[in-house]
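J.: 3D, please:
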Amino acid sequence: MRTIQLLVLVAALGCGGAAKPAATPAGPIEPAARTLVNVDERGVGLGGHDPVAYVTDNAPVAGVTEHASQHAGASYQFATAEHKATFEAARNKHAPQYGGYCAFAASQNRLSPSDPKVFLVMDGQLLVFTNQDFLDQFNKDPAGNKAKADQHWPGLVAEHGK
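T.: Purely as a prediction, here's the structure:
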């Protein structure tokens, strides 16, 4: 068996080593970016709540399928066409941080689903939490926990993203 594995490895590498990505006039081809987003079985983020309304209304407001927009692997629904247009003008600004996963869990370098009704808008960014206890824990040091979540998020995406 070991001989077969070695032969497969040698055949895969060939005489010149590993193959290099093809180049385009713009440069080498980059691998597709990984994404990590918390969605339901239909691919809807935030449980169908309008991500813009968290900031404008300081409340989770139900969106409707007629006003839906795609971003980073999730479909987000909006209460109004105006909210949809606001989102589409600056998707990264209005999408939930950490792919809609719990911000406190991200600060602990782990993933936890979130309850879209437990949230915090911090510096204009939407953070959602698994439950009220996690929000309370986060609020003991919001700036420190946000910095930790920002630091851990790329590694969580690399490990768990698609």
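J.: dump the longest helix along the chain to CSV, keeping only the CA atoms.
T.: Looking across the chain with DSSP state H, the single longest helix is helix 142-160. Extracted C-alpha coordinates of helix 142-160, given in CSV (Å, rounded to 0.1, in the frame of the first residue of the first chain):
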residue,chain,number,x,y,z
PRO,A,142,-17.2,45.6,24.9
ALA,A,143,-14.1,47.1,23.3
GLY,A,144,-11.8,44.3,24.5
ASN,A,145,-14.3,41.6,23.4
LYS,A,146,-14.8,43.2,20.0
ALA,A,147,-11.1,43.4,19.5
LYS,A,148,-10.7,39.7,20.4
ALA,A,149,-13.6,38.7,18.1
ASP,A,150,-12.0,40.7,15.2
GLN,A,151,-8.7,39.0,15.9
HIS,A,152,-10.2,35.5,16.0
TRP,A,153,-12.7,35.8,13.1
PRO,A,154,-10.3,35.2,10.2
GLY,A,155,-9.1,32.0,11.8
LEU,A,156,-12.7,30.8,12.4
VAL,A,157,-13.5,31.5,8.8
ALA,A,158,-10.3,29.6,7.6
GLU,A,159,-11.2,26.7,9.8
HIS,A,160,-15.0,26.5,9.4
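J.: contacts for it next, please.
T.: With C-beta atoms under 8 Å, 6 or more residues apart in numbering as the test, helix 142-160 has contacts from 34-36, 97-99, 101, 103-104, 106-111, 120, 122, 127, 137-138. C-beta coordinates here come from the backbone N, C-alpha and C atoms, glycine included.
J.: any idea how far stretch 92-109 is from the chain center?
T.: From the chain centre to the centre of stretch 92-109 is a distance of 7 Å (C-alpha atoms, centre = their mean, to the nearest Å).
J.: could you tell me the end-to-end distance of that stretch?
T.: 22 Å (C-alpha to C-alpha, to the nearest Å).
J.: now do stretch 129-143
T.: End-to-end for stretch 129-143, by C-alpha to C-alpha: 16 Å.
J.: ok, stretch 56-71 next?
T.: Terminal-residue distance, stretch 56-71 (C-alpha to C-alpha): 20 Å.
J.: and if you look at stretch 85-101?
T.: Terminal-residue distance, stretch 85-101 (C-alpha to C-alpha): 24 Å.
J.: among the contacts of helix 142-160, name the ones in strands.
T.: 120, 122, 127 (DSSP state E).
J.: nearest residue to the first one in space, please, no chain neighbours.
T.: The shortest distance from residue 120 to any residue other than its chain neighbours is 4.7 Å, reached at residue 127 (C-beta to C-beta, 6 or more residues apart in numbering).
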